[in-house]
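[1] Sequence plus predicted model, see below.
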Amino acid sequence: MADTLDEIFGLQKSLEKAMNLERYPKETQGKISALCTAIIHEAVELQRTTNWKWWKKPAEFDEAAAREELIDIWHFVVQASLELGMTPADILNEYRKKHHINRQRQLDGY
C-alpha cells in the first residue's frame, strides 16, 4: 500500500513540475484554500454523475465518468497533502488515528 501511495505522490510531484503555477497561491494557507475549492467543485462534478435529483427522470449511472471525477479529487487531495508536507507514511498514520476515533464513536453510539 505504501508503495502505491509513494507512486501516486511521485506522479503528483511530476505533474506539479509540469504545470504553470503563476496563478497558484504562494503561501500554504492560500494553496490549501484553493485546493479545497477545487476538491469541492470536483465533488459536485462527481455528484452530478449520480441520480441525486429526485424530481428528474433517472439516467443510467456512468461509472467511468464517476471514477474520473473521483480521481480528480484524489489529485487535489494528494497535492494538499504535499503542500502540508505529508508523506504517504504520514497519511497512513493520520488515517489510522482518525479511524480509531471513528470506530470508538460508533461503539459509543455517536
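    Yes, it's here.
[2] Now for the protein, the helix or strand with the poorest mean pLDDT.
    For the chain, counting by mean pLDDT, DSSP states H and E, helix 2-18 ranks last in confidence among helices and strands (a mean of 93).
[3] buried set for that one?
    5, 8-9, 12 (16 or more other CB atoms under 10 Å). Where C-beta positions appear, they are placed from N, C-alpha and C, glycine not excepted.
[4] Closest one of those residues to residue 94?
    Distance to residue 94 across the buried residues of helix 2-18 (CB to CB) is lowest for residue 5, with 12.2 Å.
[5] Quick check: the gap between residue 60 and residue 17.
    Separation of residue 60 from residue 17 (CB to CB, to the nearest Å) stands at 39 Å.
[6] Could you give me the buried positions within stretch 19-32?
    Result for stretch 19-32 [16+ other CB under 10 Å]: buried residues residue 31.
[7] Can you give the contact residues for that stretch?
    Stretch 19-32 has contacts (CB atoms under 8 Å, 6 or more residues apart in numbering) with 33-34, 80, 83-84.
[8] I'd like the distance from stretch 58-66 to the chain centre, please.
    20 Å (CA atoms, centre = their mean, to the nearest Å).
[9] Quick check: end-to-end length of that stretch?
    In stretch 58-66, first residue to last residue: 16 Å (CA to CA, to the nearest Å).
[10] Looking at it now, give me its mean pLDDT.
    For stretch 58-66, the mean per-residue pLDDT is 96.
[11] which other residues reach that stretch?
    Counting by CB under 8 Å, 6+ apart, 46, 49-51 sit against stretch 58-66.
[12] and these, which are buried?
    46, 49.
[13] Take the contacts of stretch 58-66 and write them to a markdown table, including secondary structure.
    Putting the contacts of stretch 58-66 into a markdown table (DSSP: H, G, I helix; E, B strand; the rest coil) gives the following:
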| residue | secondary structure |
| --- | --- |
| 46 | helix |
| 49 | coil |
| 50 | coil |
| 51 | coil |
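[14] I appreciate the help and will end here.
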